[in-house]
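[1] mind folding the following:
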Amino acid sequence: MIGLRRSICFGWLAPSSGVDVRKIWDRAPHNAFTDLIRFRGRWYCVFREGEKHVSRDGSLRVIASTDGSSWKSAAHLTSSTADLRDPKVSITPGGRLMLTAAGALHQPNAHRHQTYAWFSDDGERWSDPAPIGEPDYWLWRVAWHEGTAYAAGYGTTEQNRGTRLYKSTDGVVFTSLVANLRLDGFPNESTIRFMPDGTAMCLMRRDANHASALLGEARPPFTEWTWHELGARLGGPNFIRTPGGKLLAAGRLHDGRTRTALAWIDTSAWKLTEFLSLPSGGDSSYPGLVWHQNVLWVSYYSSHEGKTSIYLARVRLNSV
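    This is a model prediction of the structure:
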């Protein structure tokens, strides 16, 4: 369903040198869980709208911009059977937008969750949702590499807290590549990126025991993984490789103060080193990351100004 076409424009803030921050959306009672992509010369930001952090009415909003300053709704995806959560967006090898999200199924139901995918040529008209993966496995983010889609899925029932790796050649039929990644501490949200030499790296959140985030690495065919603890708890994990080869992570840090932060991943010492805390607090995080024209663009959500809203940061880094 196509959403409203009115544009929204807030002023940029400059909390520190080299950083601009802008609120870009706050129309729903609760606006959260973002992702960001640049597609055919336009910016697209996707996120969940709902009454609150968890509510039966969760829907997906797609907003678009040509300049990152003025945004308007491009699409609004709803479900009568599920709370739609944590949308992520990617570009398929065929040049289409692929939007994925999990549905927290309205109960009673035989299952708790089902992951779905939608496809679009223009960000405005979207296909019907296609269920992907298995019920009660949340495929949190899809990453494409050499014509194949990969996603780590985590079990969402009390009886199953396992994590498995999926692959797909068409973005619809996902099969299990690694049935059990054999990780403890309730691993869940994750982002996979592929390095220039073909190595896959996976940044993964954990919520039990001491809850240290993990960074995994694997060579093709990506069936054997080595995992390293990073010494910090990270919610809504995302990361990219900068043009200079550094690994830059973003997410919610928990160390007595909750905020959305940017950090370097040190693969020699296997640790996260925060270098920037974005204006944020409380209910916050789930960033989208895009490197464009020597600037890091970061979408995220936060409740530090009272209402949980969507923000966009532009970060200029001297050494990347």
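[2] stretch 260-279: how far from the chain's middle?
    The chain centre lies 17 Å from the centre of stretch 260-279; the measure is Cα atoms, centre = their mean, to the nearest Å.
[3] can you check stretch 216-226 too?
    21 Å.
[4] and the end-to-end length of it?
    5 Å (Cα to Cα, to the nearest Å).
[5] so which bits of that stretch are buried?
    Going by neighbour count (16 or more other Cβ atoms under 10 Å), the buried part of stretch 216-226 is 216-218, 222, 225. For every residue, glycine as well, the C-beta is placed using N, CA and C.
[6] closest to residue 236 out of the residues you listed?
    Nearest to residue 236 among the buried residues of stretch 216-226, counting by Cβ to Cβ, is residue 216 at 17.5 Å.
[7] against residue 63, how distant is the residue lying farthest from the centre of the chain?
    Farthest-out residue of the chain from its mean C-alpha position, per Cα atoms, centre = their mean: residue 108, at 28.2 Å. With distances taken as Cβ to Cβ, to the nearest Å, residue 108 is found 34 Å from residue 63.
[8] now do residue 164
    Taking Cβ to Cβ as the measure, residue 164 falls 33 Å from residue 63.
[9] more neighbours, those two?
    A direct count of neighbours by other Cβ atoms under 10 Å for residue 164 and residue 63 places residue 63 higher, at 25 against 20.
[10] quick one: mean pLDDT for stretch 107-120?
    Mean pLDDT, stretch 107-120: 98.
[11] off-centre distance for that stretch?
    In this view, stretch 107-120 has its centroid 17 Å away from the chain centroid, taken as Cα atoms, centre = their mean.
[12] how long is that stretch from one end to the other?
    Its first and final residues considered, stretch 107-120 spans 30 Å by Cα to Cα.
[13] could you do stretch 169-181 as well?
    21 Å.
[14] sorry, back to before: ok, now how distant is the residue farthest from the centre of the chain from residue 234?
    Counting by Cβ to Cβ, the gap from residue 108 to residue 234 is 34 Å.
[15] ditto for residue 86
    From residue 86 across to residue 234, the span is 15 Å (Cβ to Cβ).
[16] and those two? Which one has more around it.
    residue 234 (27 against 24).
[17] quick check: closest non-adjacent residue to residue 32.
    In space, and not counting its chain neighbours, residue 32 is closest to residue 301: 4.4 Å by Cβ to Cβ, 6 or more residues apart in numbering.
[18] tell me how many other residues crowd the one you found.
    So residue 301, with other Cβ under 10 Å, has 25 neighbours.
[19] need the CA coordinates for stretch 260-277. CSV is fine.
    In CSV, the C-alpha atoms belonging to stretch 260-277 read as follows (Å, rounded to 0.1, in the frame of the first residue of the first chain):
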residue,chain,number,x,y,z
THR,A,260,23.8,4.4,19.7
ALA,A,261,27.5,4.4,19.0
LEU,A,262,30.1,4.0,16.2
ALA,A,263,33.1,1.8,16.9
TRP,A,264,36.2,0.3,15.2
ILE,A,265,36.5,-3.4,15.2
ASP,A,266,40.1,-4.3,16.0
THR,A,267,40.8,-7.7,14.4
SER,A,268,44.3,-8.0,15.9
ALA,A,269,43.0,-7.7,19.5
TRP,A,270,39.4,-8.7,18.7
LYS,A,271,37.7,-5.8,20.5
LEU,A,272,35.4,-2.9,19.8
THR,A,273,36.7,0.6,20.4
GLU,A,274,34.0,3.3,20.4
PHE,A,275,34.9,6.6,18.7
LEU,A,276,31.6,8.4,18.5
SER,A,277,28.4,8.4,20.5
